[in-house]
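> have a look; sequence and predicted model below, questions after that.
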Amino acid sequence: MNPGEEQPRVVIRDKRRIDPTTGDVRAPAGEQPAGAPPATTGEQMSEQETTAADAAAAQQDAAPQEAAAQPGGGDLAQQLAERTEDLQRVTAEYANYRRRVDRDRSLVVDQAAERFAAQLFPIVDDIERARDHGDLTGAFKLVADRILGLLDGLGVEAFGTAGDAFDPALHEAVMHDTSADVQVPTASTVLRQGFRRGERVLRTAMVAVTDPEHPAPAEPAADEAGVPTSD
């Protein structure tokens, strides 16, 4: 044998059926001892590992669903409902706030318009007196028309005409007389015009009131059942 050649390895296999150390009976090669789990091949081990991985992935996918079904999921739904209710309440409060702001702004505009109109009333009285005396001509008439146009632009209108029925809410009576020509108290003479803006009276009209000479007798008061009562 040449020194450079590799010497063959000697393999010694112990084929004794009795273990000299423990005295137990050995199983033949290729067989499994009684009660031992069957041996698994590489392919079987690979299939088992794949099955275990699939089971773990399925368990991870089912975890969120289980969490939603557990009490924690109910808490999340309750929190969402509470946040939705808070948002609705804030929206309603903001809408009410906008309505109050718009109402207050409109009130401020109305009050400013009424104060400005009230400052023009004495000038309008002078214009009407000049008209009654025939002095409303020329440049003075142009100025008067512009002032009256300001009142029209503010929505202010004059009221109070001779012959109107007397209304304490619209008229201020400064003189009284009687006449057989009227059936009800009547504003016979208008001493000063009144002004109103919409339904709001800004200034009452100053009038002389003529009462009927023979007023109609007052109707007797009726009780709750509609039967007239006498004093």
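Received, thanks.
> neighbours around Asn96, how many?
Burial of Asn96 is recorded as 10 neighbouring residues (other Cβ atoms under 10 Å). (Each C-beta comes from the backbone N, C-alpha and C, glycine too.)
> what does Phe166 give?
19.
> need the contact list for it.
173, 184-187, 207, 209 (Cβ atoms under 8 Å, 6 or more residues apart in numbering).
> if any of those residues are buried, put those into a ChimeraX selection.
Buried residues within those, by 16 or more other Cβ atoms under 10 Å, are selected in ChimeraX with:
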select :173,185,186,187,207,209
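> low-confidence stretches in this structure?
1-17, 19-20, 23-73, 216-231 (pLDDT under 70).
> which stretches of it form strands?
Using DSSP state E, the strands of the chain run over residues 156-159, 164-165, 171-179, 186-192, 194-197, 200-203, 205-212.
> which of the ones you listed sits closest to Arg103?
strand 200-203 (15.7 Å; Cβ to Cβ).
> now what about stretch 144-162, what contacts it?
113, 116-117, 120, 123-124, 127, 130-131, 136, 170-171, 187-190, 192-198, 202, 205, 207.
> ok, now how distant is Gly134 from Lys141?
From Gly134 across to Lys141, the span is 11 Å (Cβ to Cβ, to the nearest Å).
> look at those two and report which has more neighbours.
Lys141 (14 against 7).
> list the contacts of the more buried one.
Under the criterion of Cβ under 8 Å, 6+ apart, Lys141 has no neighbours.
> then Val209?
Counted by Cβ under 8 Å, 6+ apart, Val209 has contacts 166, 171, 173, 175-177, 185-188.
> Gly74: which of these is nearest?
Among these, His171 lies closest to Gly74 (Cβ to Cβ), at 72.5 Å.
> which helix in this structure has the most residues?
Criterion DSSP state H: the longest helix present in the chain is helix 71-132.
> what helices or strands is that helix leaning on?
helix 138-153, strand 156-159, strand 194-197, strand 200-203 (3 or more Cβ pairs under 8 Å, 6 or more residues apart in numbering; DSSP states H and E).
> any chance of the ones you listed in TSV, plus distance to Arg100?
Output for the helices and strands packed on helix 71-132, formatted as TSV (distance: least, Cβ to Cβ, whole Å):
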stretch	distance to Arg100
helix 138-153	28
strand 156-159	27
strand 194-197	23
strand 200-203	21
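> who wins for proximity to Asn96 among those?
Short answer: strand 200-203, nearest of the helices and strands packed on helix 71-132 by Cβ to Cβ, at 25.7 Å.
> what's the angle from the longest helix of the chain to helix 138-153?
150 degrees (axes from the mean of the first three to the mean of the last three Cα atoms, to 10 degrees).
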